[in-house]
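In: Okay, sequence plus prediction incoming.
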Amino acid sequence: LLKLSKNPTLFQPDFLPLARPLLPGTRAMARFKPYDYAQGLIVPVNLDEQIEPGTFVFALHHLIEARYDDSFLAEEFKNDDTGRPAYPPKLLLKAILFAYSQGILSSRKIERACKHNIRFMALLCGEGPDHSTIAAFIHKLGKHVEQVFVDVLTVCHEEGLLDGTHFAVDGLKLPTDAAKEWSGTFDTLKRKRDKFRKKAAALMKEHKRRDRRLAKGKTEVAGETLTPAEKLIAKAAKIDAFLSENEPRAGVSGKEVQSNLTDPGSSKMHTSKGTVQGYNCQALADGSHQIVTCAHIPDGGQDGRVLGELFEQASARAEAAGLGGDFYRGKELLADANYHSEPNLEACAAHRLDAVIPDPNHRDRDERYEGRDQHLRKVRPKDTGRFTAADFTRDEEAGTYRCPKGQVLRRKPGTSTSAGGKGAFHKYEIESDFCSICEFRSRCLGKNGKRRTLSVCIEPARPHCKAMREKVDTPVGRHRYSYRMGTIEPIFANLRHAKGLNRINYRGREKVGVIWNLWSIMHNIGKIALYRPGYGTGVPATG
């Protein structure tokens, strides 16, 4: 019909606009629907449909609803007769964990997301807590966060995500809201205090000189005020208050280490990204699915003495999660060279762990790393030819040693024990003044040395370290240690780079411990959502 008709527009339906005839020499133009972002919409939203199965939100929602018992917070409110109804703790915990999974750390940003993000609104059923409520809830969690960690760990075990064969431990050094400038030993802080007072006195003197100028009718010099002096006096008073209320902080070796005024529990730590003032956040992870089985904040920033306290906490959590008090007994533990110390290895032996923890020099003994110095930016200094204990000859009958020039070194009375716990030593010393004219003086003595001495170890005090070095140097030990990086490092990569955990905006070891446990809980729930997408839907786990 369209072909036969001279006017084909007559055959179009009435509800369609008539096609405009094209003028000779013109081209057809496209027509698009208009849109306006300022236009408001009224959209019916089913909150339950926003929580889709197989997602992190779904796993978080069903795990908290099914496992989390928030009755312990009921007595915190006491608003039965008066006051506004409180937000259910389950909703607040969901909001915090989901915010951490999205890289949202600030309580103010969490408040904004709860009021404008549809997934947050679905988790909270449209409730919008403010930032003060969220921060107060984190503070109230306190020690109860451990029970939440245990509940999530139980679910991981029920879903078959814990192999329980080998584990790896490492620390993530994170800065907190504490300034490095306020760190130092007590002597350093006293010198800083005196410096502040000296500067304040100079400013006060200048202020008096300004007053005399004004009294004589002269004009005031611009910029000369008393405010800087008041600030310096306040800083000095802050140091005085800290020194009077605290004691010097002792380190692992018993010597004093630096304290911090704003956060006494934090430590100054050296990392690959520079020196930070914060906490050494420890994580113990299972090797099969990288589940964090224990999250711990030790006292101090070093790894040399953390395994004893860490495994006491890990064993208690494993027993509470239904894994048994001897869950770690006989299991393999992998750790880097920072954990190679006698106290750590003694703790591993006490908990009957099959540990593989190399010493810092293990690669120097590994033939696979021969010639690596040529690839280093800073080449290691070459051997200067200094004499070692092997260059001295032992005389068994006389009980003496002879140096390379034939001088006799006799044993000094008594037995010395090194401060570092390296064992018991006999000390030998040359009796004559021959060292002052010896041609090998530069190879035998230090810059200010006067007489050569030799220390001979008679009883090593670190048998566990010696046994571990022998264990790591075997082909089997090197092969087992190669699994460490693939077990623990991806967890820190996920938290730091994927989730944005670059610092902890809290002070105090207890509060930092709560935040670190919440981040570990969030990581474990993410593993449940990844490897068990049917969790909460009634679909049995496979694989």
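Out: Yep, that arrived.

In: Does Ala529 lie in a helix or a strand, and which?
Out: helix 509-531 (DSSP states H and E).

In: buried stuff in that helix?
Out: 511-529, 531 (16 or more other C-beta atoms under 10 Å). To be clear about C-beta, it is placed using only N, CA and C from the backbone, and glycine gets the same treatment.

In: Mind giving me the packing neighbours of that helix?
Out: The contact analysis (3 or more C-beta pairs under 8 Å, 6 or more residues apart in numbering; DSSP states H and E) places helix 509-531 against helix 56-67, helix 89-101, helix 131-141, helix 145-158, strand 274-286, strand 292-296.

In: Show the model's pLDDT score for Ala314.
Out: At Ala314, the model reports a pLDDT of 94.

In: same check, this time on Gln374
Out: 65.

In: Remind me what the longest helix along the chain packs against, helices and strands.
Out: Ordering each helix of the chain by length in residues (DSSP state H) puts helix 186-215 first. Under the contact definition 3+ C-beta pairs under 8 Å, 6+ apart, helix 186-215 sits against helix 227-245.

In: pLDDT averaged over the helix it packs on - what is it?
Out: Here the average pLDDT along helix 227-245 is 77.

In: likewise stretch 392-408?
Out: 87.

In: cool, stretch 124-137 as well?
Out: Across stretch 124-137, pLDDT averages out at 90.

In: same check, this time on stretch 520-538
Out: Averaged over stretch 520-538, pLDDT sits at 90.

In: With only the CA atoms kept, save it in CSV.
Out: C-alpha atoms of stretch 520-538 as CSV (Å, rounded to 0.1, in the frame of the first residue of the first chain):
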residue,chain,number,x,y,z
SER,A,520,40.6,-8.4,59.9
ILE,A,521,36.9,-9.4,60.3
MET,A,522,36.0,-7.5,57.2
HIS,A,523,38.8,-9.3,55.3
ASN,A,524,37.6,-12.7,56.4
ILE,A,525,34.0,-11.9,55.5
GLY,A,526,35.3,-10.9,52.0
LYS,A,527,36.9,-14.4,51.7
ILE,A,528,33.6,-16.0,52.6
ALA,A,529,31.8,-14.0,49.9
LEU,A,530,34.5,-14.8,47.4
TYR,A,531,34.9,-18.5,48.0
ARG,A,532,31.4,-19.3,49.3
PRO,A,533,29.0,-17.2,47.2
GLY,A,534,26.1,-19.4,48.3
TYR,A,535,26.6,-18.5,51.9
GLY,A,536,23.2,-17.5,53.4
THR,A,537,21.2,-18.8,50.5
GLY,A,538,20.9,-22.4,51.7
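
In: Tell me the confidence at Thr185?
Out: 78.

In: Could you measure from it over to Gly304?
Out: 20 Å (C-beta to C-beta, to the nearest Å).

In: which residues of the stretch 301-450 of the chain score low on pLDDT?
Out: The stretch 301-450 of the chain contains residues with pLDDT under 70 at 372-384, 415-423.

In: Tell me where it has strands.
Out: Using DSSP state E, counting those that start in this stretch, the strands found in the stretch 301-450 of the chain span residues 332-334, 354-356, 393-395, 400-402, 408-411, 416-417, 423-430.

In: Can you list the buried residues in the fourth one?
Out: What that stands for is strand 400-402. Quick answer for strand 400-402 (16+ other C-beta under 10 Å): 400-401.

In: The longest one now?
Out: Of the residues in strand 423-430, those with enough neighbours to count as buried (16+ other C-beta under 10 Å) are 425-426, 428, 430.

In: For the residue positioned nearest the centre of the chain, what is the enclosing helix or strand?
Out: Centroid check for the chain by C-alpha atoms, centre = their mean gives Leu172 as the closest residue, at 2.7 Å. Assigned by DSSP H and E, Leu172 falls within strand 166-175.

In: tell me what that strand is packed against?
Out: Counting by 3+ C-beta pairs under 8 Å, 6+ apart, strand 166-175 packs on strand 274-286, strand 332-334, helix 484-493.

In: and of the ones you listed, who's closest to Glu470?
Out: With C-beta to C-beta as the measure, strand 332-334 is the member of those nearest Glu470 (17.3 Å).

In: how far out from the middle of the chain is the closest one?
Out: Relative to its chain's centre, strand 332-334 lies at 20 Å (C-alpha atoms, centre = their mean, to the nearest Å).

In: ok so, going back, as JSON lines, the helices and strands packed on strand 166-175 with distance to Asp366 would be great.
Out: Below are these laid out as JSON lines (distance: least, C-beta to C-beta, whole Å):
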{"stretch": "strand 274-286", "distance to Asp366": "25"}
{"stretch": "strand 332-334", "distance to Asp366": "17"}
{"stretch": "helix 484-493", "distance to Asp366": "15"}
